[in-house]
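Peer 1: got a sequence here, can you build the structure:
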Amino acid sequence: MAGIGFSLKRLFQKKGIAALCRAYGYAGIICCGPMLLGVVLLVGMALIATLGGMGRHDRELMNCMLTYSLLVSLTFTSWFNMVVTRYISDMLYEEKMERIMPSFYGSLSIMLTIGGILYGIFLHFSGVRLSYQIVCLWFSLVLMVVWTETIYLTALKDFKGILLGFAVSLMAGFLLALILVVLGWVSIESLMLCVIVAYGIMMVWFYKMLLDYFPRSDGSKYGFLRWFDRHRSLAFTGGFVNIGLFAHLVIMYFGPLAVQVEGLFYGAPSHDVPALCAFFSLLITTVNFVTSVEVRFYPKYRNYYSLFNDKGSVRDIGQAETEMLTVLRQELAGNSYKQLICSILFVVLGSIILYRLPLGIDDLSVSIFRYLCIGYGVYAIANSVMLILLYFEDYAGALAGTAAFAVISVGATILQILYSPVHYYGLGFTLGAFAFFLIVWVRLEWYTRRLPYFLLSRAAVVVHGEKGLLATLCDALDRRDQRKVEKENEYWSRQAEKERKKFEA
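Peer 2: All right, here's what the predicted structure looks like:
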């Protein structure tokens, strides 16, 4: 659903520091909501646990439980995000608003079932007590619902409501945790329940917003599965981005920096803490993409494509294409310069600041931090270019770039653990990010030189009926739901008939 930044434009036109902070707050939540919330969650709960006198082992175990649940939820939703987004976009374009909420229920039913079973199996063999397993599974399922809701909320562009939902829920969770500290009821289970309550409030808040905007529901709950057959490359693109972005964190749990906290829950503090701090270096590019690149690029993009739809002249189309690509190159270059400056500042000043913070930072952690700052910066630029490829529906180019990102990031990190000195840790992820950037940048340059060809010659004139595996699965699930509805109707008909006969008697 293109043009989020274009919708934010009016917020940045308001004067004053408060208005500017509010606009950047909206942009940051829309772009980086899941990761920002994860960071706030981990840091906030760690501080409250320390304040409540929780032992070091329990704090580390809770941190692992939160991290694992976050990564699991983001991993499962990442394979659905882009395809579901495309489905919602198509339904909005076709003005079939009633089809949107059924897809929400259908996608959640699949994700919660598969994710719950697989994560439940891991927790069963994790070696931690049953109560810990329950809260971990509960938390991850709630997160899957919230991350799925954020996809649908993009269509609303109700930035104030979204930000308010984030703020109220997190404040409620932290307030409840502080109350438990005062009462002396601090434990892993109680603090995990505070987190679940916070995200539960967010889940209900966002669901209410969706029902207000999409009050009607009609059609198949599993119709979106047909889009997996049409656009399966989008599913792999989303999954590969998630693998490239997070896999290096998990791989470190099996290296020399790993610390076994309890059972199958591992951590790598010397790597995790600098990775957490380095992550913030990419925020400026991610936010700038929707507040600057899209604001200037999207109107040109929309005008260019509308000329094809409205039978514009060849001369007008050529001029619109030149203007669009000129603006695009200017904005991407400006975005890259800003990220370069931000990364340099993080590497130079961040290294100095980290030594002065009570985070247990040593020379090894600072070395990892510098590599990851560069890696996250390059990833942010590459991700922006990849999103532009999706604007032009170059799904093959986006898939190639993200696949290289995932493969090289994972492969290089594994090789580092096996053969590289620890002071080079973080370089594997950085190499993957550079490969991601080079592929999508070259692909964008090649693709935009042939835009009219891809727009007019490659698109199918008629969309043929799907015969893929997931389309078949969609039909089977629809038939199952239909039989269930028929049985329910038959049951209630019999009950009504019995009541009628009883009344007559």
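Peer 1: and the helices in the stretch 401-505 of the chain?
Peer 2: Per DSSP state H, counting those that start in this stretch, the stretch 401-505 of the chain has helices spanning 427-448, 451-456, 469-504. These are given in chain order.
Peer 1: what is the last one packed up against?
Peer 2: If I follow you right, that is helix 469-504. Applying 3 or more C-beta pairs under 8 Å, 6 or more residues apart in numbering; DSSP states H and E, one finds that helix 469-504 contacts helix 225-230. To be clear about C-beta, it is placed using only N, CA and C from the backbone, and glycine gets the same treatment.
Peer 1: which residues of the stretch 201-350 of the chain fall in helices?
Peer 2: Assigned helices in the stretch 201-350 of the chain, in chain order: 225-230, 232-251, 269-279, 283-288, 294-309, 314-345 (criterion: DSSP H, counting those that start in this stretch).
Peer 1: closest one to Tyr371 among these?
Peer 2: Of all those, the one in closest proximity to Tyr371, counting by C-beta to C-beta, is helix 269-279 (8.3 Å).
Peer 1: off-centre distance for that closest one?
Peer 2: Centroid separation for helix 269-279 versus its chain: 19 Å, with C-alpha atoms, centre = their mean, to the nearest Å.
Peer 1: same question for stretch 484-498.
Peer 2: Relative to the centre of its chain, stretch 484-498 is centred 43 Å away, using C-alpha atoms, centre = their mean.
Peer 1: what does stretch 445-457 give?
Peer 2: Using C-alpha atoms, centre = their mean, we find the averaged C-alpha position of stretch 445-457 to lie 29 Å away from the chain's own average C-alpha position.
Peer 1: what residues of that stretch count as buried?
Peer 2: Going by neighbour count (16 or more other C-beta atoms under 10 Å), the buried part of stretch 445-457 is Tyr447, Thr448, Leu451, Leu455.
Peer 1: how many neighbours does the closest residue to the third one other than its chain neighbours have?
Peer 2: Meaning Leu451. In space, Leu451 comes closest to Glu321 once its chain neighbours are excluded; the distance is 6.2 Å by C-beta to C-beta, 6 or more residues apart in numbering. Glu321 has 17 neighbours, counted by other C-beta atoms under 10 Å.
Peer 1: hmm, back to that, let's have the helices of the stretch 401-505 of the chain in a markdown table, adding distance to Met91.
Peer 2: Formatted as a markdown table, the entries for those read as follows, by distance: least, C-beta to C-beta, whole Å:
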| stretch | distance to Met91 |
| --- | --- |
| helix 427-448 | 27 |
| helix 451-456 | 22 |
| helix 469-504 | 15 |
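Peer 1: sorry, back to before: wait, the residue nearest to Leu451 sits on Tyr304?
Peer 2: Yes. Contact between Glu321 and Tyr304 holds when scored by C-beta atoms under 8 Å: they sit 5.8 Å apart.
Peer 1: look at the nearest residue to Gly52 once chain neighbours are set aside and tell me its secondary structure.
Peer 2: Here the nearest residue to Gly52 in space, its sequence neighbours aside, is Val186; by C-beta to C-beta, 6+ apart that works out to 3.3 Å. Val186 carries the three-state label coil when classified by DSSP: H, G, I helix; E, B strand; the rest coil.
Peer 1: that older thread, identify whichever of the helices of the stretch 401-505 of the chain lies nearest to Gly244.
Peer 2: Proximity of the helices of the stretch 401-505 of the chain to Gly244 was assessed by C-beta to C-beta; the nearest stretch is helix 427-448, lying at 5.6 Å.
Peer 1: now tell me what touches that closest one from outside.
Peer 2: Outside helix 427-448, the residues within contact range by C-beta atoms under 8 Å, 6 or more residues apart in numbering are 244, 248, 325, 328, 371-372, 374-376, 378-379, 381-383, 385-386, 388-389, 392, 394, 397-398, 400-402, 404-416, 420, 454.
Peer 1: repeat that for stretch 190-204.
Peer 2: For stretch 190-204, the surrounding residues in contact (C-beta under 8 Å, 6+ apart) are 41, 45, 48-49, 52, 54, 62, 65-66, 132, 135-136, 138-139, 142-143, 145-146, 149, 165-166, 168-170, 172-174, 176-177, 180.
Peer 1: which parts of that stretch are buried?
Peer 2: In terms of neighbour count (16+ other C-beta under 10 Å), stretch 190-204 has its buried residues at 190-203.
Peer 1: I'd like the residues you listed as TSV, with pLDDT, secondary structure and distance to Phe125 appended.
Peer 2: Supplementary listing: the buried residues of stretch 190-204 in TSV, determined by pLDDT from 0 to 100; DSSP: H, G, I helix; E, B strand; the rest coil; distance: C-beta to C-beta, whole Å:
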residue	pLDDT	secondary structure	distance to Phe125
Ser190	90	helix	25
Leu191	90	helix	24
Met192	91	helix	20
Leu193	92	helix	24
Cys194	90	helix	27
Val195	90	helix	23
Ile196	92	helix	23
Val197	91	helix	28
Ala198	89	helix	28
Tyr199	90	helix	26
Gly200	92	helix	27
Ile201	91	helix	32
Met202	89	helix	30
Met203	92	helix	28
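Peer 1: quick one: Phe265 and Val128, what's the gap?
Peer 2: For Phe265, the distance to Val128 under the criterion C-beta to C-beta, to the nearest Å works out to 7 Å.
Peer 1: which residues do these two both contact?
Peer 2: Common neighbours of Phe265 and Val128, counting by C-beta under 8 Å, 6+ apart, are Leu61, Met65.
Peer 1: so which of these two has more stuff around it?
Peer 2: Higher neighbour count among Phe265 and Val128: Phe265, with 23 against 18, using other C-beta under 10 Å.
Peer 1: surely the more buried one touches Asp58?
Peer 2: No. Contact criterion C-beta under 8 Å: Phe265 and Asp58 do not qualify, at 11.8 Å.
Peer 1: just give the closest residue to Ile381, not the sequence neighbours.
Peer 2: Take Ile381 and drop its neighbours on the chain: the residue closest to it by C-beta to C-beta, 6+ apart is Ser336, 5.1 Å away.
Peer 1: that neighbour is in contact with Ala382, isn't it?
Peer 2: No. Because the distance of 10.0 Å does not satisfy C-beta under 8 Å, Ser336 is recorded as not touching Ala382.
Peer 1: and those two? Which one has more around it.
Peer 2: When neighbours are counted by other C-beta under 10 Å, Ser336 and Ala382 differ, and Ala382 comes out ahead with 26 against 19.
Peer 1: please name the residues that touch the more buried one.
Peer 2: Gly401, Phe405, Ala433, Phe436, Phe437, Val440, Trp441.
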